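K.L.:
sequence and computational prediction follow.
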Amino acid sequence: MNKNIILSNQNLTFIKPKQNEDKKSYYKKSFNKKNRHYVSLKRFFQKQKQGNYTLVTSVKRDEIDMCYLPYENNGNLHLINDETNNNKNFNTLKLEFFNYPNKIVKIGFVYNSDYENKIYKTYQYQNKNWVEIPTIDEYKF
């Protein structure tokens, strides 16, 4: 991809489905911050390029440091989200992953926070390959 990749949640909180509940019922669970996978992932992102994010609202202006995976290694990345005039110097893609029984994974793609036009893709792991299957209402959020 010819894009810089930035995690919006740099606290690295993950969502895991509860196995003994109905398919549509999920709960949020953070991995233990001492978990070796969590620690490894966090260290990896902390070694990446540093940039900053500015959020401007009618009430305040926040400056936040961030880590990102750079497409090009030149310059520091500075993202600006000015909500007072609906102006951004970046686009967003949000991916939502949910696991279902029988090795089924559903992914929701949300471009620029346009939830009305969310795109769904559903995959099932079959014979050591991920195969796209029809997304039925049962798998929609």
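P.N.:
The structure has been received and is ready for your questions. Bear in mind that the values here come from a model prediction, so they are computed numbers and not experimental data.
K.L.:
just the C-alphas of the helix or strand harbouring Glu63, formatted as PDB.
P.N.:
Assigned by DSSP states H and E, Glu63 belongs to strand 61-69. What follows is strand 61-69, C-alpha atoms only, in PDB (Å, rounded to 0.1, in the frame of the first residue of the first chain):
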ATOM      1  CA  ARG A  61      -7.100  22.100  20.800                       C
ATOM      2  CA  ASP A  62      -5.400  18.800  21.600                       C
ATOM      3  CA  GLU A  63      -1.900  17.700  20.400                       C
ATOM      4  CA  ILE A  64      -1.300  14.000  20.600                       C
ATOM      5  CA  ASP A  65       2.000  12.100  19.800                       C
ATOM      6  CA  MET A  66       1.600   8.900  17.700                       C
ATOM      7  CA  CYS A  67       3.600   6.100  16.200                       C
ATOM      8  CA  TYR A  68       3.000   5.100  12.600                       C
ATOM      9  CA  LEU A  69       4.300   2.800   9.900                       C
END
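K.L.:
so what are the sheet partners of that strand and their directions?
P.N.:
Take DSSP bridges as the rule and strand 61-69 pairs in its sheet with strand 5-6 (antiparallel), strand 49-56 (antiparallel).
K.L.:
hey, least reliable of those strands by pLDDT?
P.N.:
Ranked by mean pLDDT, the strands paired with strand 61-69 bottom out at strand 5-6, with a mean of 76.
K.L.:
can you give me the strands in the chain?
P.N.:
Using DSSP state E, the strands of the chain run over residues 5-6, 49-56, 61-69, 78-82, 87-88, 93-100, 104-111, 119-126, 129-133.
K.L.:
show me what contacts the residue lying closest to Lys3 once chain neighbours are set aside?
P.N.:
Leaving aside its sequence neighbours, Lys3 sits nearest to Tyr71 (CB to CB, 6 or more residues apart in numbering; 5.6 Å). Every residue, glycine included, has its C-beta placed from N, CA and C. With contact taken as CB atoms under 8 Å, 6 or more residues apart in numbering, Tyr71 is in contact with Met1, Asn2, Lys3, Asn4, Ile5.
K.L.:
rewinding a little: for Arg36, find the nearest of the strands of the chain.
P.N.:
When the strands of the chain are compared by CB to CB, strand 61-69 sits nearest Arg36, at 19.6 Å.
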